[in-house]
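Visitor: output the structure for:
(2 chains)
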There are 2 protein chains.
Amino acid sequence: MRPSIRNAEEPVYRRLANLIEGLILERSLRPGDRVPSVRKFSSQQRVSIPTVMQAYVTLESRGLIEARPKSGFYVRARLADSIPEPHGRHGRPVITNCAQTDPLESLLGDLSNPRLAPLGAALPSVNLLPGLKLGRTMAAIARRMGPSSVGYDMTPGNEMLRREIARRSLDWGCGLKADDIVVTVGATEAVSLALRATCKPGDTVIVESPTYFGFTRMLRELRLNALPVPLRSSSGIDLEAMEAVLRQRRASACLLIPNFHNPAGSLMPEERKKQLVQMMVSRGIPVIEDDIHGDLQHEGARPRALKAFDKDDSVILCSSFSKTLAPGYRVGFTAAGRWRPQVAALQRVTTLSGSLLPVMAVAEFLKTGGYDRYIRSLRHTYRHQVEQMREGIVQTFPEGIRLSRPRGGFLLWCELPGHVDSMQLFEQARAAGVSIAPGPLFSPDGEFRNFIRINCGYPWSPRLERAVGVLGRLVKQHSRN
Amino acid sequence: MRPSIRNAEEPVYRRLANLIEGLILERSLRPGDRVPSVRKFSSQQRVSIPTVMQAYVTLESRGLIEARPKSGFYVRARLADSIPEPHGRHGRPVITNCAQTDPLESLLGDLSNPRLAPLGAALPSVNLLPGLKLGRTMAAIARRMGPSSVGYDMTPGNEMLRREIARRSLDWGCGLKADDIVVTVGATEAVSLALRATCKPGDTVIVESPTYFGFTRMLRELRLNALPVPLRSSSGIDLEAMEAVLRQRRASACLLIPNFHNPAGSLMPEERKKQLVQMMVSRGIPVIEDDIHGDLQHEGARPRALKAFDKDDSVILCSSFSKTLAPGYRVGFTAAGRWRPQVAALQRVTTLSGSLLPVMAVAEFLKTGGYDRYIRSLRHTYRHQVEQMREGIVQTFPEGIRLSRPRGGFLLWCELPGHVDSMQLFEQARAAGVSIAPGPLFSPDGEFRNFIRINCGYPWSPRLERAVGVLGRLVKQHSRN
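Guide: All right, here's what the predicted structure looks like:
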C-alpha cells in the first residue's frame, strides 16, 4: 500500500466523493438518507468547505446524490436498486458435446465490431488501460537489453514475472512460489493446457451454466463433453446440484469462474469455495479455475482464489492481465499444482512460450508498483461504469427484467421477459448499431434464449446512453408482439 | 531485388570477395585453381587495384585462398571438401510412440545453457539479428498507436503481416493470398495446430529419420505415433522407402522439413518435392511442411516450398521469423490450405493470437524493405560460419567422420565413428564447457547414437575454436578406447 503516492495523484475532492460513493454502494447510506452536511464533513475530514462542495457536486453529476433546497444533500433513489437478479436454471444437468454452440461462432466476430456500440465483447476501453506507460516500459527494456531483446523466453517463462505473481498470490489467499507458475499466452493458453493435461478426448468436464463461451468452444475443439451445472447469482455453482450429478456421472475435471463470473457476475463465498475444493479433492477431480476478474472487486478485499483452499495440489489456477492491463500483450499464467510438469511439457509443444518483451513490460509494471496504484483506480472506474449501465438499463428497459448485481468486473447479465429471443434481438441491435452478447452463447446446450450479456468496460457516454435506449425500445417491441 | 541499396551498404571489396567465395563454394573454382590476377580482376570489374587487393586479403583471412610468392592467389585445398556426408539409415520403418525420447528431455535445457559454448541449441547469435532495429520499430508503433497498442490481434492475425507474407510467397513458388494465412505463436504453434487439425490421438504421422526433436516431443504429447522414414543427405526423405511403407501402413499426416533440414541439412530437389506432394495427394494424406530455414539458402535462388507443388490444397505450410529475425518475438504463420478453418478454430481456443506489437514490428520490418536487405547479408554470414565450422571440425576430429554439407541454414550433422556414444560425449563435452546436441535426440526411436548436431549460428571465434578442439579430443579418446 502506498497511500502517500495515491494522495499525490488523486485530488482531495475526488477521494471524498469516492468515500461517500463507497458508503452508498455498500448501502451504509441508503436512498433517501441525508449525507453529512457540508460544514460537518469539512470539519470531520479537515478540508475546506469548497473542497467538500466540489466532492458533492461530483457525486451529483454521478447521479448518486441530489440537493434538496434548504435541506442538504440526499442519496438518490436509484431505480437499479430495486431490480431483482436473474434466475438460475433448474433443469437436470445433461452431458453435451457442445455441438449446438457451433452455429453461434459466426456471431463472435461481431461482438467486437468497432462500428457497433461496444456492449458485446467483454473488453475494457483501451483508454482505461495503461497502454502508453506499458509501451514506454517495453521500449526502455528493448533499449536496455539491446540485441538480446530478441532472445527466447522458454517454459516456464520469465522469472521476474513469476516472482511478481508469486508475491501477489498472498493477496488471493495463496502462497505460491515462482517455481509453481508457468507464464502462458493469455489465460486462454493456460486453460487450454490445463484441460489437455487433465483430460483426454471423450472425457466429461463440469462447467457452470451459464459459462464463458470460450470454454464451450474449447471443450468442443478438444473433443471434450460439457456437463453444465446451474449457477446461483448469489453464490456461484450450485454445490448441491453438483453433488447430485456426481453420484451418477464421472467427470475428469471441473472448469469454473469463481470470482466475478463471466457472464453472470456471481462471486462464490469463501465457505462455498472451501466446500467445492473438498468435494472435488475427495473424488479426485482436478479443479481448473479462471480468475481473470479476481483483481477487479468493486470494494473491500480481493476475493480468494479456489487455489487458496487447495491442500492437495489439485487446483489449477489460470489467469491473465488481459482484463486489467493489455489484452493484446497476451500475458497470462497458470499455477497448475500437481499437473505442472504436464502443463509445462504441453506448452513446450504448443507455443514454446509467449513473446518476451511484452512479458517483461508487464513484469516491470508489477514490480515498480505501477500496477497496484493503477488497479485501485481501475476497480473504482469499473464499479462506476457498471452502476451507470445498470441505472441506464433500468430506466429504458421494460418492467419484468432481471439484472445481475456484480461485486466485481465489468459485465452485466440481464434476464429479459421470457418471450424475448436474444438471438433475434442480437440481429436487430446489430442493424441499429449496437453489439450485445446473446444468452445462448453462454450455454453449452442452447439455453438462456431470453438473456443478454452487457459489457460495461467503456465509460458512460451519450453514445452508450443512446445504445441502451435503442436496446430498451427493441426489447419493448418484443414484449408487445 | 534492390541492387542499388545493396551496393550503398556493402563495400565494393566485400562484394568482390563474396563473388569469388561464391565461385569457390559452388566449386566453379576448385582447390588449387588460380583466382583471377589482381590486374585482370580489377579491369574486369572496373575497380581499383587496391580494392581488389583488399578483397583478396579478405578471402585470405577467411581461409579460402592463399598467396603463392611471385605467382598469385590460389584456392586453398580445404580439408572439409574431402569429407563425405553422413550415411542415411536403411532399416525398415517401424511405428513408434516416441516414448524412448522421454529420458532425453532433461538434456534440452542444457542445449542453450549460456555457460556452455553454444554448439547445442539451433540458435543464431542475437548479435546477428536486428534486435535494436526491431525494438525501435516496436517502440515507434506503440507510440503511434497510443492506448490502442494494448488491443487484441484476433485470429487470423494482423493483416499487414499476412499481406507481406503473401507477397513473399511468390519467392517460394507459391501465390498465397493474405486470407490463406493465419499468424501463429512461432512455427511451434503452427505445426502443433496443423497436427491437431489433421490427426486424432492414436493416429500415425510420417516423419523423417532423423527429425527435429521438437516434432517427436510434439507427437508424444499429442498422443500420436511416429513412422520414421529414412532421409538421404542429398535429397531429403527417401520417397521409395516411403512408398513401400505406405503400401503396408496407414498414416494420417506427414511432417517434413524439405528445405535445409534440421538436423541433416538436406534440401529436397524440386522434382522430388513434386513427386512427394503427388504421392501424398493421391493417398489423401495431408503434408505438413516446416520451412523455417527456407529463406537461408547459402547461394542461388530461394528454394521452393512443398506448397508450391500443391494443386489440391493439401499442404500445410508452417514457418516463422525465429531463425531470421527474433526467436523471442514468437511470430510465425501457417498457410493451411483446406484445413485453414480447423486451424483457425483451434487457434481461437489455444492462444487466441500472439502479441500484437511484436507481430506489427515484424510486419513493418518486412514492409519497409529492411528484411530483404538484411536477409541477404544474413545468408552470407551463415554460409561463412558453416564453412568455418566444417573446416574447424575436420582439422580437429579423427579420420572416419562424416559431415553434412548443407546448402542453407546454420546446422551441421556429424556422423562419428561407429563406436562413439554421443550421449556419453554430450556429458563429457558439457563437463568441459561445450554444449552439443546428441544424435538420439533426433530419432523417434533412439537411433543415431554416433551422431551429433553442431550449431553454427555464432561467428567463428577463439572460444568456438577451443570448443571444437575440446570436442575433437573427446571424440579421439572414444576412438582409442
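Visitor: where does pLDDT dip in chain A?
Guide: Low-confidence segments of chain A (pLDDT under 70): A:1-9, A:89-90, A:479-481.
Visitor: now with 50, please.
Guide: Within chain A, the ranges that satisfy pLDDT under 50 run A:1-8.
Visitor: in whichever helix in it runs longest, which residues are buried?
Guide: Counting residues, the longest helix found in chain A (DSSP state H) is helix A:370-396. Neighbour counts over helix A:370-396 (16 or more other Cβ atoms under 10 Å in any protein chain shown) mark A:370-374, A:378-394, A:396 as buried. To be clear about C-beta, it is placed using only N, CA and C from the backbone, and glycine gets the same treatment.
Visitor: give the other helices and strands that that helix contacts.
Guide: helix A:3-9, helix A:12-25, strand A:402-403, strand A:411-415, helix A:462-480 (3 or more Cβ pairs under 8 Å, 6 or more residues apart in numbering or on different chains; DSSP states H and E).
Visitor: what's the lengthiest strand in chain A in contact with?
Guide: When chain A is parsed with DSSP state E, its longest strand is strand A:225-232. Contacts of strand A:225-232 with the rest of the structure, by Cβ atoms under 8 Å, 6 or more residues apart in numbering or on different chains, involve A:88-91, A:93-98, A:202-211, A:215-216, A:219, A:237-238, A:241-242, A:245, A:249, A:251, A:261, A:264, A:266, A:443-445.
Visitor: now stretch A:29-45
Guide: A:16, A:20, A:23-24, A:48-49, A:51-53, A:55-56, A:59, A:65, A:71-78, A:81.
Visitor: among those residues, which lie within helices?
Guide: Per DSSP H, those map to helices at A:Leu16, A:Ile20, A:Leu23, A:Ile24, A:Ile49, A:Thr51, A:Val52, A:Met53, A:Ala55, A:Tyr56, A:Leu59.
Visitor: drop anything exposed from the residues you listed.
Guide: Here, 16+ other Cβ under 10 Å leaves A:Leu16, A:Ile20, A:Leu23, A:Ile24, A:Thr51, A:Val52, A:Ala55, A:Tyr56, A:Leu59 buried among these.
Visitor: make CSV out of the residues you listed and add distance to chain B.
Guide: Shown next, in CSV, are these (distance: Cβ to the nearest Cβ, whole Å):
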residue, distance to chain B
A:Leu16, 29
A:Ile20, 30
A:Leu23, 32
A:Ile24, 30
A:Thr51, 31
A:Val52, 33
A:Ala55, 28
A:Tyr56, 31
A:Leu59, 28
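Visitor: how about TSV for those, with distance to A:Ile285 added?
Guide: TSV is the format used below for these (distance: Cβ to Cβ, whole Å):
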residue	distance to A:Ile285
A:Leu16	49
A:Ile20	46
A:Leu23	42
A:Ile24	42
A:Thr51	56
A:Val52	55
A:Ala55	51
A:Tyr56	53
A:Leu59	48
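Visitor: buried stuff in stretch A:437-456?
Guide: Buried, per 16+ other Cβ under 10 Å, within stretch A:437-456: A:437-445, A:447-456.
Visitor: and stretch A:67-74, how far out from the chain middle?
Guide: Computed by Cα atoms, centre = their mean, to the nearest Å, the chain-centroid distance of stretch A:67-74 equals 37 Å.
Visitor: distance of A:Gly332 relative to A:Gly457?
Guide: The gap separating A:Gly332 from A:Gly457 is 18 Å, by Cβ to Cβ, to the nearest Å.
Visitor: more neighbours: the two, which one.
Guide: A:Gly332 (27 against 23; other Cβ atoms under 10 Å in any protein chain shown).
Visitor: name the element that one belongs to?
Guide: strand A:331-335 (DSSP states H and E).
Visitor: so which elements touch that strand?
Guide: Strand A:331-335 is packed against helix A:159-168, strand A:181-185, helix A:186-198, strand A:315-320, helix A:356-367, with contacts defined by 3+ Cβ pairs under 8 Å, 6+ apart.
Visitor: could I get the ones you listed as TSV with distance to B:Pro462?
Guide: Below are the helices and strands packed on strand A:331-335 laid out as TSV (distance: least, Cβ to Cβ, whole Å):
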stretch	distance to B:Pro462
helix A:159-168	31
strand A:181-185	37
helix A:186-198	42
strand A:315-320	46
helix A:356-367	30
